[in-house]
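Undergrad: Okay, structure incoming, though there's no sequence with it:
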């Protein structure tokens with residue numbers, strides 16, 4: 001494949017070395033699995049979902065999983081046609097043009113960078129539980145989170161072999177920390193009836209539809225299945241990307257989904273009545289059944305899973321930034337678009353995105369800013385997903401989509417695209433709906449999105465003015 005990029009600040013078109021194809025389909029699927037991580041996917045929102053809809057939260061997870069599979073299949077269709085590093089960014093620019101693609105990738109890029117910070121901070125909280133640290137010491141938690149993030153960047157800088165190793169360790173942690181604990185709880189500590197899964201599925205009198213428990217639970221469950229598309233960012237590092245990347249996207253999502261449903265079901269069946277009212281019902285349930293040494297061991301497994309997720313996010317966002325750099329569509333693209341000569345990975349882009357993630361920790365000393373950033377993550381993912389899905393629908397209506405070229409799952413894949421359009425619009429509205437009564441929380445996604453759009457518009461306008469006659473092209477694989 002000939003990759004062509006224009007270096008920002010010049011009018012020349014410069015060829016760049018392609019990435020080595022050292023990943024298999026299983027490696028790409030493992031990255032998607034590790035990114036989503038059943039441990040991170042379930043445990044970060046279990047308490048919120050339980051508070052919103054009781055045990056009926058399990059059904060909200062099922063609804064969201066079905067909707068996300070529709071998105072995954074649609075992304076598989078796009079990846080089978082354009083298997084390129086950059087995923088959302090590359091697909092969107094080919095569907096509706098460079099400007100549309102630029103802002104799609106810009107939204108996705110920043111969502112991933114904020115996710116880097118949020119997930120590593122979550123890992124710090126589990127590290128505190130494992131080693132008896134003071135979780136109320138915000139400075140200490142911030143430092144631990146920074147260390148986790150810096151370690152994840154280091155793993156990516158070391159190369160693909162290191163990333164695969166961490167991914168394998170995460171799979172072991174997931175098997176023990178999710179599947180193993182789920183079967184243990186179901187076999188030895190099941191105290192609740194399956195009928196309790198119907199609790200919370202009501203529409204209280206006088207409650208607006210968007211404020212009903214189940215709709216709110218679906219909003220929280222939206223966090224649980226995000227990141228499966230990250231497998232697409234490795235498209236230029238996989239041997240048979242047109243065939244394997246779609247399978248990796250959908251396979252990793254279905255695998256995570258089944259584990260999350262099993263684990264959530266097990267906790268709901270085993271959760272003591274006292275744990276249901278606890279601030280952290282997962283930890284309270286484990287504490288009720290595990291001796292302290294075993295509880296700490298499980299917390300360490302959780303830290304491993306969180307660390308692996310940060311490694312996967314770092315890997316994904318660095319490929320997005322590298323793809324922009326290769327196209328000459330960011331400042332200092334000449335450097336961001338480079339690959340390390342020996343290990344052939346975008347080390348500069350990796351270090352830069354990691355540094356930005358660490359800088360985002362500075363306002364974490366403020367609870368309000370932390371809430372604003374974390375609230376944006378779920379909304380940011382769905383907004384990013386909407387760009388290529390809407391772009392595909394528009395391209396089909398315009399007749400610019402070539403229906404004769406074979407794509408993932410054929411007609412079924414294209415039918416999924418229309419259903420995914422309905423789902424992504426509905427869930428985006430659900431996530432963005434102002435319902436808490438707290439202005440900062442309700443309007444956080446809009447505030448952050450507006451700020452990022454303004455910054456992005458200024459950057460892209462500046463680049464266009466600096467190189468008005470520059471044509472940025474990347475050849476199709």
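TA: Great, that's in hand. Keep in mind it's a predicted model, so treat the numbers as computed, not measured.
Undergrad: Only the buried residues of the longest helix anywhere in the chain, if you could.
TA: Secondary structure of the chain per DSSP state H: the longest helix is helix 292-326. Residues of helix 292-326 classed as buried by neighbour count (16 or more other Cβ atoms under 10 Å): 295, 298-326. From N, CA and C alone the C-beta is placed, and that goes for glycine too.
Undergrad: what's the spacing between it and its chain's center?
TA: 11 Å (Cα atoms, centre = their mean, to the nearest Å).
Undergrad: After that helix, which helix or strand is next?
TA: helix 333-336 (DSSP states H and E).
Undergrad: ok, and what's touching the helix or strand just after that next one?
TA: Per DSSP H and E, the first helix or strand lying C-terminal to helix 333-336 is helix 347-359. Contacts to helix 347-359, defined as Cβ atoms under 8 Å, 6 or more residues apart in numbering, come from residues 112-113, 116-117, 120, 146, 149-150, 152-153, 156-157, 314-315, 317-319, 321-322, 325, 335-340.
Undergrad: same deal with stretch 131-138?
TA: Under Cβ under 8 Å, 6+ apart, the answer for stretch 131-138 is 125, 127, 128, 129, 140, 141, 144, 296, 364, 365.
Undergrad: Same check on stretch 242-255?
TA: So stretch 242-255 is contacted by 24-26, 28-33, 35-36, 65, 68-69, 72-73, 75-77, 79-81, 83, 225, 228-229, 231-232, 234-235, 238, 408-409, 477 (Cβ under 8 Å, 6+ apart).
Undergrad: Which stretches in the chain count as strands?
TA: 3-6, 13-16 (DSSP state E).
Undergrad: Mind telling me which of those the model trusts least?
TA: Lowest mean pLDDT within the strands of the chain: strand 3-6, a mean of 36.
Undergrad: Could I get the full set of helices for the stretch 351-477 of the chain?
TA: 367-398, 410-432, 439-466 (DSSP state H, counting those that start in this stretch).
Undergrad: and if you look at the stretch 1-150 of the chain?
TA: Under DSSP H, counting those that start in this stretch, the stretch 1-150 of the chain gives helices at 25-36, 38-43, 46-53, 57-81, 88-96, 98-130, 138-158.
Undergrad: Packing partners of the first one?
TA: Packed against helix 25-36 by the contact rule (3 or more Cβ pairs under 8 Å, 6 or more residues apart in numbering; DSSP states H and E) you find helix 160-174, helix 241-270, helix 292-326.
Undergrad: try it again with 10 Å
TA: Packed against helix 25-36 by the contact rule (3 or more Cβ pairs under 10 Å, 6 or more residues apart in numbering; DSSP states H and E) you find helix 98-130, helix 160-174, helix 241-270, helix 292-326.
Undergrad: same question for stretch 394-403, mean pLDDT?
TA: 93.
Undergrad: end to end, how far does it reach?
TA: 14 Å (Cα to Cα, to the nearest Å).
Undergrad: Tell me the buried residues in it?
TA: Going by 16+ other Cβ under 10 Å, stretch 394-403 has these buried residues: 395, 401.
Undergrad: Any idea how far it is from the middle of the chain?
TA: 28 Å.
Undergrad: So, low pLDDT: which residues of the stretch 1-150 of the chain?
TA: 1-17 (pLDDT under 70).
Undergrad: Tell me, how many residues neighbour the nearest residue to residue 232 once chain neighbours are set aside?
TA: In space, and not counting its chain neighbours, residue 232 is closest to residue 87: 3.7 Å by Cβ to Cβ, 6 or more residues apart in numbering. Using other Cβ atoms under 10 Å, residue 87 is surrounded by 31 other residues.
Undergrad: Would you quantify the distance from residue 87 to residue 399?
TA: 25 Å (Cβ to Cβ, to the nearest Å).
Undergrad: same question, residue 141
TA: 54 Å.
Undergrad: Could you do residue 170 as well?
TA: 44 Å.
Undergrad: What of residue 74?
TA: Distance from residue 74 to residue 399, by Cβ to Cβ: 19 Å.
Undergrad: same deal with residue 57?
TA: From residue 57 to residue 399 the distance is 43 Å (Cβ to Cβ).
Undergrad: Likewise for residue 93?
TA: Applying Cβ to Cβ to residue 93 and residue 399 gives a distance of 19 Å.
Undergrad: Then residue 334?
TA: From residue 334 to residue 399 the distance is 38 Å (Cβ to Cβ).
Undergrad: go on, residue 260?
TA: Taking Cβ to Cβ, one finds residue 260 at 40 Å from residue 399.
Undergrad: repeat for residue 313
TA: 37 Å.
Undergrad: give the contact list for residue 269.
TA: Each residue near residue 269 by Cβ atoms under 10 Å, 6 or more residues apart in numbering is listed here: 55, 182, 185, 186, 189, 190, 191, 192, 193, 194, 196, 197.
Undergrad: Tell me how far the first one lies from residue 73.
TA: So the one you mean is residue 55. For residue 55 relative to residue 73 (Cβ to Cβ), the value is 29 Å.
Undergrad: I'd like to know how many residues surround the closest residue to residue 252 other than its chain neighbours.
TA: Nearest residue to residue 252, sequence neighbours excluded (Cβ to Cβ, 6+ apart): residue 32, at 3.1 Å. Counted with other Cβ under 10 Å, residues neighbouring residue 32 total 28.
Undergrad: you'd agree residue 32 is up against residue 257?
TA: No: with contact defined as Cβ atoms under 10 Å, residue 32 does not count as touching residue 257 (11.6 Å).
Undergrad: intersection of neighbour lists for these two?
TA: With Cβ under 10 Å, 6+ apart, residue 32 and residue 257 have common neighbours 72, 228.
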